[in-house]
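> Need the 3D shape of this:
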Amino acid sequence: MGLLHVGLSLLLCCSAYSQTFRGMASQDGLFVEDPELEWERMVATIAEDTIPAPAPRAQFKSLVPEAKKLPEYMIVSKSKDPIELFKPEKGARPLPNLAKKILLPADGTALTVGKPAGPKLVEILCHVDRMYVRIKREVFKSRDAYKYLTLGTCAVNQGSEDHYYLLYLLRTDCGYKKESNADFLLISNKLRYMPKGPVLREMPFEIPLKCKYPRLFYSYKVGFYPKLVGGTVYKSLQPKSSFTLTAQDASGNEITGPVTYFLGQQMYFEAKTAQSGDKRMYVNKCYMTGSQGSNQLYTVIDNQGCMIDGKLNKQSKFLTGDSKMTQKFTVGAFVFKHLLTSGSTTQQLYMQCELSQRQITPTPSSKACNYDQATKNTKLVNLLHFAACYNHLNAFRWKELYGDDSVCACCDSSCPLQPRASRNMVTSHSWKVDLNKDGSVEFEPRMKSFGTDTTKDADMAEHSDFMNYWDHDY
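The predicted model follows:
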């Protein structure tokens, strides 16, 4: 019974000791059930990676005496051994003596890796992604020595009856230092023992540790020195849009080369997308600018598909087409007054539009509304006789290209916006407007512009008294 109690006590102590190191393991620290087996496994892995593999056997019978067996590769020092020995050359030459010594060692034995001759107090294993360190427990007199033992900034995370283990990956933040050399990459750290307390029964120590990873240079690469050419690569933060905006002629053919319009000449545009499906193309808004980054803009289409420039110019309107997957419209050519300079005869302009692909049935947020120039004057007469119905008539001076005109009722106020994710801003190619010639296009006279007094329409002058009591938007 006494032996049973002793066995249970030892089992509980070992379990508590294991849990202590398990709790101290960091995020990238390794914890295994048996650190001794993990250490031996890593020793075998490193040995397999270090021993050169034999050269492959020939698949045919040689008619000459069998050549000496050579390893598949040899590790030489780039800094100590002259690389000129291994540079490719045209033709053939005798093998230099120095190269023979490197490739054909006198003893003819291959490099082998085995266990150290005698036990060591501190041992280190280096692999491509980790550093393992262990130290004999007999070095310390204190039971709590592991608490003050660190690899850089990382604590002991494994323990056995004979050793303390520090098993960590190189990506762990343990304070590793890297040094790059011509022949190898050096990763170093320090094993520290810093006991705490008012008295010392053991001396602190600090042992530098280094892992040396050789760089391999193949002989057939020695003679080639690539030349790196610097430069700047620009990558779009957003995927390339499938929406396009192109200028066309009156026949509907795309204009690919430079184009110059006369002042007032009719310009044709087409918005389309490469996407397919049972949907319709919408032009939410468009504006012209003197340059792609200019703050001076002239809005042609706004309010989610209202051709507002059509109130001033009858040339500005949406056009019907064979397919609702494209949307054509036309605008009269003009120039910016503030961009005119003395002696300038042409002006370069751009069209920028926000496009979207939505359901076929138009809505207040997706539509193509033209201003009805034909009913503009007759409406004024109707206002005198049907003033109570003005709000109803106001909706129908805007006409939807394919659908119900009621979706255009918001064109003179504010229409609901589409979701931002469905909107695409597209810029057309530039064109020029020639000021020397006139396209002889008739313009619709405006009744009243914002902030300016102009000549009024005859019908408007006749009914000016009535209009003084009416909220209009001219």
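
> Endpoint to endpoint, stretch 228-246 covers what distance?
40 Å (C-alpha to C-alpha, to the nearest Å).

> Give me the average confidence score over it.
Averaging the model's pLDDT scores along stretch 228-246 yields 73.

> how about the helices of the stretch 351-474 of the chain, start to end?
Secondary structure of the stretch 351-474 of the chain (DSSP state H, counting those that start in this stretch): helices located at 376-385, 390-395, 458-462, 464-467.

> wait, Ser344 sits on Leu435?
Yes - if you go by C-beta atoms under 8 Å, Ser344 and Leu435 touch, sitting 7.5 Å apart. To be clear about C-beta, it is placed using only N, CA and C from the backbone, and glycine gets the same treatment.

> So if I had to pick from these two, which one is more boxed in?
Leu435 (14 against 10; other C-beta atoms under 10 Å).

> so the more buried one sits right up against Gln347, yeah?
Yes - contact between Leu435 and Gln347 holds when scored by C-beta under 8 Å: they sit 7.3 Å apart.

> and for those two, which residues touch both?
Common neighbours of Leu435 and Gln347 (criterion: C-beta atoms under 8 Å, 6 or more residues apart in numbering): Val335, Leu340.

> Now for the closest residue in space to Tyr146 that isn't next to it in sequence, how many residues are close by?
Sequence neighbours aside, Val156 is the residue nearest to Tyr146 in space, at 4.3 Å (criterion: C-beta to C-beta, 6 or more residues apart in numbering). Using other C-beta under 10 Å, Val156 is surrounded by 25 other residues.

> Distance check, Val156 against Glu36.
Shown here: Val156 relative to Glu36, a distance of 15 Å by C-beta to C-beta, to the nearest Å.

> Please apply the same query to Ser142.
Distance, Ser142 to Glu36, using C-beta to C-beta: 23 Å.

> what helix or strand does Ala247 sit in?
Using DSSP states H and E, Ala247 maps to strand 243-248.

> and the next element down the chain from that strand?
strand 260-263.

> Which positions in that following strand come out as buried?
Tyr261, Phe262, Leu263 (16 or more other C-beta atoms under 10 Å).

> Check stretch 350-365 too.
350-358, 362-365.

> Please narrow those residues to those residing in strands.
Among the buried residues of stretch 350-365, the residues falling in strands (DSSP state E) are Tyr350, Met351, Gln352, Cys353, Glu354, Leu355, Ser356, Gln357, Arg358.

> could these go into JSON lines alongside pLDDT and distance to Leu186?
Conversion of those to JSON lines gives the following (pLDDT from 0 to 100; distance: C-beta to C-beta, whole Å):
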{"residue": "Tyr350", "pLDDT": "89", "distance to Leu186": "58"}
{"residue": "Met351", "pLDDT": "90", "distance to Leu186": "61"}
{"residue": "Gln352", "pLDDT": "91", "distance to Leu186": "57"}
{"residue": "Cys353", "pLDDT": "93", "distance to Leu186": "60"}
{"residue": "Glu354", "pLDDT": "93", "distance to Leu186": "57"}
{"residue": "Leu355", "pLDDT": "92", "distance to Leu186": "58"}
{"residue": "Ser356", "pLDDT": "91", "distance to Leu186": "58"}
{"residue": "Gln357", "pLDDT": "90", "distance to Leu186": "59"}
{"residue": "Arg358", "pLDDT": "89", "distance to Leu186": "62"}
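
> Between the buried residues of strand 260-263, which sits nearest Ile102?
Among these, Tyr261 lies closest to Ile102 (C-beta to C-beta), at 77.2 Å.

> rewinding a little: Throw the buried residues of strand 260-263 into CSV and include distance to Lys147 and pLDDT, thanks.
Output for the buried residues of strand 260-263, formatted as CSV (distance: C-beta to C-beta, whole Å; pLDDT from 0 to 100):
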residue, distance to Lys147, pLDDT
Tyr261, 84, 89
Phe262, 90, 88
Leu263, 88, 84
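
> circling back: need the ones in strands among the buried residues of stretch 350-365 in TSV with distance to Leu103, can you?
Converted to TSV, these look like this (distance: C-beta to C-beta, whole Å):
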residue	distance to Leu103
Tyr350	68
Met351	72
Gln352	69
Cys353	71
Glu354	70
Leu355	69
Ser356	70
Gln357	68
Arg358	73
